[in-house]
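**Student:** Make a model of this:
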Amino acid sequence: MKTIMKYGLSALAVMAGAAIASQGFAQTQYQNNPPHGPHEFMGATISDPHGPTPDPSRITYLLPNQIKWTGNKALLYGNPTKAGDPYGVLVKLAPGQFSQPRTLANDRWVYVASGTLWVSNSTAAASYPVKADNFITNVAKTSFVDGNRAGATEPTVLIITGVGSADNRIMSDYAQTTTVKVSDAAGAAPDAAKITIAEVSTTGNQNLYGGGQGAQTEGTPYGVVQTWAPGRYSSPHYHPYPRYIYVLTGTWWTSSSTYHDTRLTYPMPAGAFVQDLPKGIHWDGNRIGDPNTTRLYITGVAPATNQAVDEDGKEVMRAPAGRGATAPAGRGN
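**Tutor:** From the prediction side, this is the model:
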């Protein structure tokens, strides 16, 4: 794949809008009396006050109610019609909403976040059900249709990523309706040479495309799902290229500080979208006491390396050649 040098940063210009809590451990306390070690306090719970909002020069984010929808789609990053530009789009399909048949110049990757996506190489009547927590690849230069059959009890929510091309109609697609019902007979599983379907585990980490967490080929898009049990964190680090994170389930606690103190973490709920900016120092995880494991869908472009930093923000260890992260600091280790 040709090196992709455009990362769609212009598509996302987000400033945190939430106010810092005045109670408890406020940001000014860190400014006036900062911690003195790399692991000063790692025992913050979900009952403790949250830390300050992240530095927008390092981390930007959209809470669920801040995501801008245009009809049934929300562009998260990139430009789907710009050749070579990685993009990410949220799609919410009401019962009966379906696409027209189409063919794309590049592979398209679809994560079914909730509901059921009905997929076919031909028509809605021949469509096959794909449940939540499944991952679909629409293979380049092959025809496909997909959508949510009529009579469904819930919408279908998708996270669609890919590399832009002039033939991509994602922002105007899914405007068709179908009378084919969920109670009608399902079609056969699609031709795997055109549409692949893979179940995504709800535990552990799973690479989905492009080499995932270990992606090394310059400019190659990658996707990975990660899980974070309560009490598990990364250490302060940065990435050379932007990373795009959608919180699937649970709460994602993140910080842009160089101090590894869990009282500094700020909550990102399920449905939030977070961008780690290039070389933006950050760290994150799941606070103690959370009843849920946090699950993330992470995309970006390779190399998917992490660079650990100390409490002064200085590099402490570089990722070994051929590895996707520095141990033990990087996200996902």
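
**Student:** neighbours around residue 202, how many?
**Tutor:** Look at residue 202: counted by other Cβ atoms under 10 Å, it has 14 neighbours. No exception for glycine: its C-beta is placed from N, CA and C like everyone else's.

**Student:** ah, wrong one, I meant residue 181
**Tutor:** Quick note: residue 181 (other Cβ under 10 Å) scores 14 neighbours.

**Student:** which ones are touching the residue lying closest to it once chain neighbours are set aside?
**Tutor:** Spatial nearest neighbour of residue 181, excluding adjacent residues (Cβ to Cβ, 6 or more residues apart in numbering): residue 151 at 4.2 Å. If you count contacts by Cβ atoms under 8 Å, 6 or more residues apart in numbering, residue 151 has them with 95-96, 181-183.

**Student:** Now that we have those, which of them are buried?
**Tutor:** 95-96 (16 or more other Cβ atoms under 10 Å).

**Student:** low-scoring stretches of the chain, by residue?
**Tutor:** 1-39, 317-333 (pLDDT under 70).

**Student:** Help me confirm that residue 74 is found in a strand?
**Tutor:** Yes - assigned with DSSP: H, G, I helix; E, B strand; the rest coil, residue 74 falls within a strand.

**Student:** what number of residues lie near residue 249?
**Tutor:** 17.

**Student:** beta partners for the nearest residue to it once chain neighbours are set aside?
**Tutor:** Counting by Cβ to Cβ, 6+ apart, residue 249 lies nearest to residue 295, which is 4.5 Å off, once chain neighbours are set aside. Beta bridges link residue 295 to residue 227, residue 249 when assigned by DSSP bridges.

**Student:** Quick check: phi and psi on residue 67?
**Tutor:** Per-residue torsions, residue 67: phi -70, psi 130 (degrees, to the nearest 10).

**Student:** Against residue 183, how distant is the residue nearest to residue 181?
**Tutor:** Computed as Cβ to Cβ, to the nearest Å, the residue 151 to residue 183 distance reads 6 Å.

**Student:** what's near enough to touch the residue nearest to residue 85 when sequence neighbours are not counted?
**Tutor:** In space, and not counting its chain neighbours, residue 85 is closest to residue 164: 4.0 Å by Cβ to Cβ, 6+ apart. Residue 164 makes contact with 78-87, 106 under the criterion Cβ under 8 Å, 6+ apart.

**Student:** Next, count neighbours for residue 186.
**Tutor:** For residue 186, using other Cβ under 10 Å, the count is 14.

**Student:** just residue 185 next, same as before
**Tutor:** So residue 185, with other Cβ under 10 Å, has 8 neighbours.

**Student:** okay but residue 311 is in contact with residue 261, surely?
**Tutor:** No - Residue 311 is beyond contact range of residue 261, at 9.7 Å (criterion: Cβ atoms under 8 Å).
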